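Trainee: This is a predicted model, with the sequence first.
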Amino acid sequence: MAAPEVASASELDARDPLAHFAAEFHHPVDAAGRKAVYLCGHSLGLQPKAAAAYVSQDLAEWQRLGVLGHTQGTRAGARPWIGYHEHAARGLAALAGASEIEVVAMNSLTINLHLMMVSFFRPAGPRNCVLIEKSAFPSDRYAVLSQLGFHGLDARHLIEVAPRPGEHVLRSEDIMATLEREGPRLALVLWPGVQYLSGQLFDLGAITAAAQAAGAVVGLDLAHAIGNVPLELHDWNADFAVWCSYKYLNAGPGAIGGCFVHARHAQRPDLPRFAGWWGHDKARRFEMGPDFHPIPGAEGWQVSNPPVLSAAPLLASLELFGRAGLARLREKSVQLTAFMQRSIQSRLGGAVEIITPLDAAQRGSQLSVRLALPSQAARRCHERLTAAGVIGDWREPDTLRFAPIALYNSFRDVAAAVDALAAAVEA
Ligand SMILES: Cc1ncc(COP(=O)(O)O)c(C=O)c1O
């Protein structure tokens, strides 16, 4: 007889208006050719089937046209490479809650973070510190520390907010109290949308408002938020934001990243920046003149011409987001993750601890699970899961992360993953 979760999973799948989108993706298979249960979109999203066509079209244009492909196309709907990144603007703006002038697809996340900090981290007098969260993704920490060093400052100018002892997520009141206490010292607050390890989703509107009221500039790392949860970057008034596109945006390993710069900074040629010719006034770019005139808006922070072949899959994925709609995706995502939470709690009870907030408003798709086992044994559970065809991931010393993705996962995927987790823990 089917386990109770599986029966209700089938019912939920039958009622899911977005179920057909799963067929738009390639799902990994195991050595025996069985479809894996892929719950790792928080790390690398699955490949949209249309991605290969997008990439081959650009390869074909290169084959047929050589350099002329920058300005011409040989087929209907061709995307001349000169303005390639512009094709992503509408889709990214919709996901970011921004206007097109506020977003740009470029580089990778950490590079974009550096470019943004060059412009927006301007330590002056006693206002010379950066606030981050204690478990910030290491690359962000390294980037901030190196920017501090660049200004002749050091780790003493890095202020961190940590969860309380014995807790895994940050309390809003602690974030707000730190902003108030440290306000006069803060030049920049760099905050994640969704915390990569715990899966905690922050109230970015409230944090941005409090940080700006304290006199700080606000930058956001949306690696785990864009395409996962609705964002309103313009209305929240963030100064800048950066993201990668290989997680929830399904654009492939090392894909082109993205950046948001609020419209109020669009006409600020005075801001210091590390410039390059792709950020220069489009109308005058090929005059090859000596002086730099930035394009108004986020595009003005581009440095080099866009990597067409790594941007093509992003266009394929954005087309799917456009069709599905982020509001509907979020609705399904909340149900999927709640279903996973309930299934884990009922099947595994005290054998696991879910460290992600249990309130749907404080999390995205991801659930982070700690097993009540010594680290080695917990790690073996992860290996057993992988061998059973359930792909999540492992973060030292004891955390398993799973993200059921509304675009391509089903409730039955979740039920199968929880069955496999229960079997791995029992073994
Ligand atoms: C939260 C966060 N920040 C930064 C990065 C670094 O991204 P990149 O290698 O694209 O610079 C990652 C990568 O997974 C991440 O999860």
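Mentor: Received it, and whenever you're ready, just let me know what you need.

Trainee: where does Glu396 sit relative to Asp281, distance-wise?
Mentor: Taking Cβ to Cβ, to the nearest Å as the measure, Glu396 falls 48 Å from Asp281. C-beta here means a position set from N, CA and C on the backbone, and glycine is covered the same way.

Trainee: the more surrounded of those two?
Mentor: More crowded of Glu396 and Asp281, by other Cβ atoms under 10 Å: Asp281, with 15 against 7.

Trainee: Strands of the stretch 251-400 of the chain, residue ranges please.
Mentor: Ranges of strands within the stretch 251-400 of the chain are 258-261, 352-354, 367-371, 390-391, 393-395, 399-402, based on DSSP state E, counting those that start in this stretch.

Trainee: Need the contact partners of the last one.
Mentor: Contact partners of strand 399-402, identified using Cβ atoms under 8 Å, 6 or more residues apart in numbering, comprise 39-40, 42-43, 197, 199, 340, 355, 366-371, 378, 381-382, 385, 392-395, 417, 421.

Trainee: Among these, the buried ones, what's the PyMOL command?
Mentor: Buried subset of the contacts of strand 399-402, written as a PyMOL selection, criterion 16 or more other Cβ atoms under 10 Å:
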select buried, resi 39+40+42+43+197+199+340+355+366+367+368+369+371+378+381+382+385+392+393+394+417+421
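
Trainee: which bits of the stretch 251-400 of the chain sit near the ligand?
Mentor: Taking Cβ under 6 Å from any ligand atom as the contact definition, the stretch 251-400 of the chain meets the ligand at Gly257.

Trainee: Would you pull up the residue in the stretch 251-400 of the chain closest to the ligand?
Mentor: Using Cβ to the nearest ligand atom, the single residue of the stretch 251-400 of the chain nearest to the ligand is Gly257, 5.7 Å away.

Trainee: same check, this time on the stretch 151-300 of the chain
Mentor: The ligand sits closest to Ala223 of the stretch 151-300 of the chain, with a gap of 3.7 Å, by Cβ to the nearest ligand atom.

Trainee: pLDDT below threshold where in the stretch 1-150 of the chain?
Mentor: Along the stretch 1-150 of the chain, segments meeting pLDDT under 70 span 1-7.

Trainee: Now do the strands in the stretch 51-200 of the chain.
Mentor: Applying DSSP E, counting those that start in this stretch to the stretch 51-200 of the chain gives strands spanning 103-105, 129-133, 158-161, 186-192.

Trainee: who does the third one pair up with?
Mentor: Meaning strand 158-161. Strand 158-161 sits in its sheet next to strand 129-133 (parallel), going by DSSP bridges.

Trainee: Is it possible to get TSV of the strands of the stretch 51-200 of the chain that adds mean neighbour count and distance to the ligand?
Mentor: Below are the strands of the stretch 51-200 of the chain laid out as TSV (neighbours: other Cβ atoms under 10 Å; distance: least, Cβ to the nearest ligand atom, whole Å):
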stretch	mean neighbour count	distance to the ligand
strand 103-105	30	13
strand 129-133	24	11
strand 158-161	17	15
strand 186-192	26	6
